[in-house]
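Kindly generate the corresponding structure for this input.
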Amino acid sequence: MNIREARAEDFAELYALDQACFAPGISWSKAELGFFLKYPKNFALVAEAEPGRIAGFAIAGTLRRSGVLLGRLITIDVRPEMRRRRAGGDLLRAAEERLRAAGATALLLEVAVDNESAQAFYRQHGFAQTGRIRGYYLGRTDALTMEKPLEGS
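Below is the predicted model:
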């Protein structure tokens with residue numbers, strides 16, 4: 001799997017992939033995706049199974065909490081036919097490396113309580129549940145918060 005920086009010309013494909021990965025109302029609008037891709041503290045990575053064929057993408061960024069630099073995984077979207085073929089894991093590892101290099105000490109994320117496959121993926125990659133946010137998705141579906149230390153990992 002080749003991991004590279006997302007480019008402006010990837011936008012239409014990234015938007016279509018997000019629409020395919022998440023239900024209406026949970027998937028992002030074009031404006032929301034554009035915001036996350038352009039936000040100065042974020043970065044976006046693309047996984048290509050072969051040149052020009054996007055298998056998935058990840059968006060992550062940094063934030064400060066009580067003076068500590070943390071990473072936040074905003075999303076990992078992987079084509080259904082490319083799941084369990086390393087794309088998600090490769091994207092996660094690349095994001096972790098970049099965040100670790102920036103000085104982030106932990107990586108945080110939110111995942112829907114009913115998305116058991118994503119929860120299992122994150123647990124397999126060292127994340128632990130740290131909390132729950134009621135009504136996070138559309139005011140109806142709770143999210144679990146998960147965290148993974150980045151120092152020395």
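
The residue most central in space within the chain: what's it in contact with?
For the chain, the residue nearest the mean C-alpha position is Thr75 (2.4 Å; CA atoms, centre = their mean). The contact partners of Thr75, taken as CB atoms under 8 Å, 6 or more residues apart in numbering, are 18, 36, 57-59. C-beta: built from backbone N, CA, C; applies to glycine.

Please apply the same query to Met146.
The contact partners of Met146, by CB under 8 Å, 6+ apart, come to 108-111, 119, 122, 127-130.

cool, and Ile59?
Neighbouring residues of Ile59 by CB under 8 Å, 6+ apart: 36-37, 42-45, 73-75.

likewise Phe36?
Counted by CB under 8 Å, 6+ apart, Phe36 has contacts 28, 42, 44, 59, 74-75.

And the next helix or strand past the biggest helix by length in the chain?
Taking DSSP state H as the criterion, the chain has its longest helix at helix 87-102. As assigned by DSSP states H and E, the chain's next helix or strand after helix 87-102 is strand 106-112.

where do the strands sit along the chain?
2-5, 42-50, 53-65, 68-78, 106-112, 128-137, 141-149 (DSSP state E).

Tell me which of these approaches Arg93 most closely.
Evaluated over these, closeness to Arg93 peaks at strand 2-5, with 8.5 Å, by CB to CB.

For the closest one, name the packing helices and strands.
strand 42-50, helix 87-102 (3 or more CB pairs under 8 Å, 6 or more residues apart in numbering; DSSP states H and E).

where are the low-confidence patches of the protein?
Confidence mapping of the chain against pLDDT under 70 gives the ranges 152-153.

ok, back up a step: could I get the strands of the chain in TSV, plus columns for distance to Ala94?
Putting the strands of the chain into TSV (distance: least, CB to CB, whole Å) gives the following:
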stretch	distance to Ala94
strand 2-5	5
strand 42-50	5
strand 53-65	8
strand 68-78	11
strand 106-112	12
strand 128-137	21
strand 141-149	15
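
among those, which is nearest Phe22?
strand 68-78 (7.8 Å).

angle of that closest one against helix 87-102?
160 degrees (axes from the mean of the first three to the mean of the last three CA atoms, to 10 degrees).
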